[in-house]
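> Pasting the sequence and the predicted model now:
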Amino acid sequence: MLALGYRQNRNEGWAAMVAVELGIVVAVLFVSGYVAWSKEASKNENLWRGLNNEQRDALASRLRPFPMYPEITIYTNSIADCRTLAADLSDTLARAGGQRGYIPHHQVVDRWIPSGLVIPCRSSDNRGAMLQTALREVVKIDARLELDDNASFQIQIGAKVS
């Protein structure tokens, strides 16, 4: 090729190799970023999201007027997202009850609490079904209602399981 006046540029081979290597690096970074994002998303999928102010207001207005007696107790374990949801529900029920100064008691307990959100109550107490329906329709939380004529009205918040 030298006879025709063409001399191969040594940099052409290097440029192609660098372009291929950069493409591989970008692809590896993209894949690793996607894997990290999907791990984080699946980790957060099993956490209770707290209720923001708009959700609390919407839930409270859906439940209003919510009878506060007999007493309501919210039990939760020591997991942070469970405690946050318990505090949010306590505030929401206080807003729905409309009785100034009464806030449902929420308590962190060491005993075993079933996973998910469970509402044990008497079959004659319609607050359980009312709360279950409102949670499902307003904030997309599936609560399990357990009717027991010996139970007091409770809300039990355990670890969320998808």
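Perfect, thanks for sending it. Numbers count the residues shown, from 1 in each chain.
> quick one, helices of the protein?
Under the criterion DSSP state H, the chain contains helices at 10-45, 53-63, 80-97, 127-139.
> Pull out the buried positions in the second one.
So the one you mean is helix 53-63. If you call a residue buried by 16 or more other CB atoms under 10 Å, then helix 53-63 has these buried ones: 55-56, 58-60, 62-63. From N, CA and C alone the C-beta is placed, and that goes for glycine too.
> of all those, which comes closest to Ile119?
Leu63 (12.7 Å; CB to CB).
> quick revisit: ranking the helices of the chain by burial, who's on top?
helix 80-97 (a mean of 20; mean count of other CB atoms under 10 Å).
> Which strands or helices does it pack on?
helix 53-63, strand 73-76, strand 105-108, strand 154-157 (3 or more CB pairs under 8 Å, 6 or more residues apart in numbering; DSSP states H and E).
> Of the helices of the chain, which is nearest Gln156?
helix 80-97 (9.5 Å).
> Send me the closest one as CSV with only the CA atoms.
Presented in CSV, the C-alpha positions along helix 80-97 are these (Å, rounded to 0.1, in the frame of the first residue of the first chain):
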residue,chain,number,x,y,z
ALA,A,80,-38.9,1.5,62.3
ASP,A,81,-41.4,1.4,59.3
CYS,A,82,-44.0,-0.4,61.5
ARG,A,83,-43.6,2.3,64.2
THR,A,84,-43.9,5.1,61.7
LEU,A,85,-47.2,3.6,60.3
ALA,A,86,-48.5,3.1,63.8
ALA,A,87,-47.9,6.8,64.6
ASP,A,88,-49.5,7.9,61.3
LEU,A,89,-52.6,5.8,61.9
SER,A,90,-52.8,7.1,65.5
ASP,A,91,-52.8,10.6,64.2
THR,A,92,-55.3,9.8,61.4
LEU,A,93,-57.8,8.2,63.8
ALA,A,94,-57.5,11.1,66.2
ARG,A,95,-58.4,13.4,63.3
ALA,A,96,-61.3,11.2,62.2
GLY,A,97,-62.6,10.9,65.8
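> Rebuild the helices of the chain as CSV, extending it with mean pLDDT.
Shown next, in CSV, are these (pLDDT from 0 to 100):
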stretch, mean pLDDT
helix 10-45, 77
helix 53-63, 94
helix 80-97, 91
helix 127-139, 95
